[in-house]
Every structure is written in structure tokens, then in C-alpha cells.
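Trainee: A predicted structure for the sequence below; I have some questions about it.
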Amino acid sequence: MHAGRKFVTLLATLLSTFSLAEAESGSLTITVRNQVLHSIDARMFGQFMERPAFSGEIGPEAAVAPGTHDLQPAAEKLIHDMQIPVLRFPGGTDVDFLDWTDMVDHLPGRTTVARPLSEPRGRKVSNAFGYDEFLRLCERNGSEAILVVNFRDGLLGVRPLEEAAAHAAALVAYCNAPLDTALPPEQAKWAALRAKNGHPEPYRVKYIQIGNETWMFTPEVEKAFAADALSHWHESLRTYIKAVLAVDPAVQIIVDASPAPVVAKIHEEFKDAMHGYAVHAYKPWDIREVKKEGKTVEVSSLSAEEIWNTWVAVPAVDARGQSRLEDANLEQVRRLGGKVSMTEWNWNGWWAVDKNQAALDSLLAKGIGAASYLHAILRQGDLINMACQSMLVGREWPINAIRVDQSNRRPAYMFPSGVVTQLYSQNHGSEMLAVDLANQSFYEAPYKMGQLDPQGKVARVDVIATKSEEVLTVHMINRSFSRVETAAIDTSAFALKPQEVELLILEGHFHDKPKEGESPERAKVRREKVSSKGDTLEVRLPPRAIVFAKYAI
């Protein structure tokens, strides 16, 4: 009897092992349902043209051809080729420490012909690429502009509140007021200055964001105004909004999603003018240590694959191992009935230990991580109406979409994160579709690195599907470090005709340093065609790659 039980147990174990092996070796099945979950706004694929003056990064100022106000031709071409739907400028944290008039010409009373240097927080930065250069760039490329105005001056009393709000609104007058405006003379003069600077017609900027990450000023506001802090914050914000709308009632306003009580009041009063409430999403920031099950792990003990597996599992994973986005501010805005404008996001992180200790420090990993981040954002497309990846152009930060050489000796080129957003921006539908996944393959990611903490099984392949009137696209990220995955895509719900399906495949080098004679670009997109004659198409997914399957409807 005892021997019989052992035999039954052994048989069950063998059968279980066989089933597991079959599941591991079989194809992931992706069933695309003809069910629309929500729409996808094209502005979800925007960029942030930030001009900070810290950490050595000066953004587009580094891309200006020496002695001019023009961007280097290679950088300008890459921006044009990206076909960016919405572009944010100029900041960023530094916008609340800047005077916008430093970035335009012929300011009355200025003693020099040249624009002055700005000194946000004591650091000097040039203003060669200012508002006119930026807005003309938007015109040339068909990008809508988001301009961010200085809110700190009014909120913290750097200037009297009414004066600070009027100065912010003056930027709107400079950009949007017609020459025959009926505005009071102190605002109408800005339209005349714009004309003097070569643009008589209004730029018609659509989006104005009041301040940037203004929650950072909470301690100062609470210290200065104590029990009246929230009332002061609300009055400051409504004063700015009213000043801006008095200049141009057609603009759409973006404000930060916190403090929550202030946002609730603003939403109630200005609901029709509010485009959205800003939530910024970055991970993992500085990685100072690695932990596993609460215990510190030496960075030098980790393999490249172990690091990779954590870096691409962002921002978090759900029960299916797919990427998901969590933020209390998202749910707060949802309860209000508003929309979220995610005016900054990216995979933003770095080793805060000696990088030579780590087996991997990869721009490609950050790019694949950015794609996972984007999937998580798109899954909340019913709530999020805009998303801008940071930062578009720079010379220093590892989150640049376009890397430039300030001396202009080497042409600008794309980082993987920029290639990723360009791929999605130019190849997506306007509707998010429901997707069923079967026979998924997972890996464990037990390490906590900075703010990255997957805490569970991560799906090797992350999948979304989108549809336009003419094209159905299945977007697949193969997070596997070394495994080729296969996906069987079932499109029977759409009764598609036999066709050549286009595959777009983003691959790259996971080592950042190019070999001699090799392009500095670490990721590129190639195209293939595969024949589809039935309802199911099997697609090969290379490791460390993004694959789009595009069907004609």
C-alpha cells in the first residue's frame, strides 16, 4: 500500500512536470477581442523639451548651433522625424525660478541687445533657445505647445500675488493676443513685442500649465501661512487661472494634482477650462543599494540578466505580470471626474554606487523599461489624456530622447527611450482593445533596486492591442534577456482577410559603449512582412525587443 502511494505520487509529479514543460515551451496565445476599453489620445505620445540648469544638463541650449538661435540641423531633423503631437517647454523645476522675459528679444528697458543669462538657483544658463524659437519649431512640425509659467513667485510672495499672476498672463498675451486686441495697454504691449520679434500673428498656444511640481513648496507655504496654507494656495491658484483666462479664454489650464483639497475647489470652479491635473511618474531614481527579501545584496554579485529583469519590470506588475501604474493622485482625479495630464514621465534612474561594480548599466534596458511604462500609462487611457516623455534633447542625462554634442562636432542621435516613443507615436490606434492572454511565461524578479520592486512574477511578454479605422496593431514587449519567445495572435474576432502582416521590430545593444566604427545609437527599428492566411499568426519575438504586428482591417 505504501509503495502504491509512492507510485501514484511519482506519477502525479511526472505529469505535473510534463505539463509545466509543455507550458514553458508552448507559444503565448494572444486573443484580441473586438471590445474597445477606451480611446487613446494622440497626445499620450508627447515630449518634454526641458531646459534645466543643474547636474550639467542644459537641455535644448546644448543643441543650439554656436553663435545662433537655431538648433543643430541633425537635432532639428530628429525632432521633425519624431512627429511629436504635443511638446512642453521650458521647465521643469527651474521654471519657478525664471523670468520668462529673459527668453525673448527687444524687451523694453533692457540695456543689452543679447538676451541675459538666467540664474535659476544660482546656476547660469543661456537663453539662446527661447519662446519664439520654440513656438516656431512647433509650427514647423505641427506640434501643439504646452507652456509652463512661474507659480512660485505668487505662491511664496516673491512678488505680490496679483503682480506675479499678471506677469505669467503676460506670457500668454505675448503668445496669443492679436495685434488688434482689446486687452488693457499693459497686456496689449506684449502682442506688439511679438510682432517686433518677427511673428505678427498669434502663436495660439493651447495649453498653459501653472507651475511645475508645486507640491515641493508645501513646507514653505505651511511655514509662512500655517492654518491658512490651503486657503492661500487656493487663492493663489485661482488668481493665476483668472489672470490667464482674462487674456485668452480659449486656453486650456493644467495644474498639479495636489494639494487634493485645493484641486477639488479648483475643479468645481474652473471645470470647463481645466485640461487636466498633472501627475509626474518617474522610477527608480538613484539606486543606492539592492535588497532581496529585506537583506542587502552586493551589486557586484548580480548578473546582467538579474539587473535587466528588474529594470524592465516597471512601474509595477499586476496579477497577470503585465505593467501597471499606481498613484494615489490618479484615483483622486478619477473621483473628481477630471483628467490626468502626465506632463512628465520616464524610466529615470542611475547607479548611485560605482557603476563598475554593476554587470549592467544599459540605455536599452531603460528604453525597454520606458516601453513598459508607456503600456501602463496607455492602460489608464480612460483617465490620462496627455503624457510627455522627459527629456527630449540634452547632452548629459541618460533619459535624453535625442543626445547632442554641444560643440556640434558630432551629429545628434537617438537614445533608445526616444526610439521607443517614436515607434509608439507613429504606430498606434485610437482605441485600446481587450486582450486575453493564455499560456504565459513568467520570471521571478526578487530584487528591490531603488524604487523598483516588482514583488512577484513578471510576464516575459507585455501585450496591448490598439485599433484605428484601417489598422489593428498588437504591441508586444519581450522582456526576456536571452529567450526567444513566440506569440500566437488570434484575430478571429475581426474576420480579417489573408494578408501580409507588417512587423516592426525594435532591437539594440545592451552595452552602451559602441565598438570602433559602430553607430552610437543603441536601438533601431527594422521591418518584416509575414503571411497571414488564417485567424492565428505565430510571431517570433527576439529577446530584449519590442515587436508590433500591424494588420490591415
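Mentor: Received, thanks. Residues are numbered from 1 along each chain as shown.
Trainee: what pLDDT does the residue nearest to residue 198 when sequence neighbours are not counted get?
Mentor: Using C-beta to C-beta, 6 or more residues apart in numbering and skipping residues adjacent in sequence, the residue nearest residue 198 is residue 132, 7.0 Å away. Bear in mind the C-beta positions are built from the backbone N, C-alpha and C, glycine included. Note on residue 132: pLDDT of 98.
Trainee: What of residue 157?
Mentor: For residue 157, pLDDT reads 97.
Trainee: The closest residue to it other than its chain neighbours: neighbour count?
Mentor: Excluding the flanking residues, the one nearest residue 157 by C-beta to C-beta, 6+ apart is residue 224, at 7.3 Å. Look at residue 224: counted by other C-beta atoms under 10 Å, it has 14 neighbours.
Trainee: wait, is residue 224 part of a helix?
Mentor: Yes. Counting by DSSP: H, G, I helix; E, B strand; the rest coil, residue 224 is part of a helix.
Trainee: all strands of the stretch 351-500 of the chain, in order?
Mentor: Using DSSP state E, counting those that start in this stretch, the strands found in the stretch 351-500 of the chain span residues 384-390, 393-394, 402-403, 413-414, 431-438, 442-444, 447-449, 457-459, 461-467, 471-478, 485-490, 499-508.
Trainee: still on that earlier bit, roughly how far does the residue nearest to residue 157 sit from residue 183?
Mentor: Between residue 224 and residue 183 the computed distance is 32 Å (C-beta to C-beta, to the nearest Å).
Trainee: Same question for residue 206.
Mentor: Applying C-beta to C-beta to residue 206 and residue 183 gives a distance of 19 Å.
Trainee: Residue 505 too?
Mentor: 53 Å.
Trainee: out of these two, which sits in the busier spot?
Mentor: Remark: of residue 505 and residue 183, residue 505 carries more neighbours, 20 against 17, as counted by other C-beta under 10 Å.
Trainee: hang on, isn't the more buried one packed against residue 528?
Mentor: Yes. When contacts are counted by C-beta atoms under 8 Å, residue 505 is listed as touching residue 528 (6.6 Å).
Trainee: Now do the same contact list for the nearest residue to residue 61 once chain neighbours are set aside.
Mentor: Once flanking residues are discounted, residue 61 sits nearest to residue 126: 5.3 Å by C-beta to C-beta, 6+ apart. Going by C-beta atoms under 8 Å, 6 or more residues apart in numbering, residue 126 touches 58, 61, 64, 115, 117-118.
Trainee: ok, 10 Å please
Mentor: By C-beta atoms under 10 Å, 6 or more residues apart in numbering, the contact set of residue 126 is 51, 53, 58, 61-62, 64, 102-103, 114-118.
Trainee: Adding pLDDT, neighbour count and secondary structure, write those out as CSV.
Mentor: Formatted as CSV, the contacts of residue 126 follow (pLDDT from 0 to 100; neighbours: other C-beta atoms under 10 Å; DSSP: H, G, I helix; E, B strand; the rest coil):
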residue, pLDDT, neighbour count, secondary structure
51, 91, 29, coil
53, 77, 25, coil
58, 95, 24, coil
61, 96, 21, helix
62, 96, 25, helix
64, 97, 22, strand
102, 97, 17, helix
103, 97, 24, helix
114, 91, 10, coil
115, 96, 19, coil
116, 95, 16, coil
117, 93, 12, coil
118, 91, 21, strand
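Trainee: And for the residue nearest to residue 366 when sequence neighbours are not counted, the neighbour number?
Mentor: Of all residues not flanking residue 366 in the chain, residue 347 sits nearest, at 4.7 Å (C-beta to C-beta, 6+ apart). Applying other C-beta under 10 Å, we find 30 other residues in the vicinity of residue 347.
Trainee: Show the contacting residues for residue 347.
Mentor: 281-284, 311-312, 314-315, 363, 365-374, 389, 398-399, 416-417, 420, 452.
Trainee: Of those, which belong to helices?
Mentor: Counting by DSSP state H, the members of the contacts of residue 347 that fall within helices are 311, 363, 365-374, 416-417, 420.
Trainee: Test my guess that residue 64 contacts residue 134.
Mentor: No. If you go by C-beta atoms under 10 Å, residue 64 and residue 134 don't touch, sitting 11.6 Å apart.
Trainee: who touches residue 515 in this structure?
Mentor: So residue 515 contacts residue 509 (C-beta under 10 Å, 6+ apart).
Trainee: Backbone dihedrals for it, both of them.
Mentor: Dihedral pair for residue 515: phi -70, psi 160, per degrees, to the nearest 10.
Trainee: ok so, going back, contacting residues around the residue nearest to residue 198?
Mentor: 69, 103-105, 174-175, 194, 197-199, 203 are the contacts of residue 132 under C-beta under 10 Å, 6+ apart.
Trainee: One more: residue 206?
Mentor: Contacts of residue 206 (C-beta under 10 Å, 6+ apart): 86, 144-147, 176, 248, 250-252, 275.
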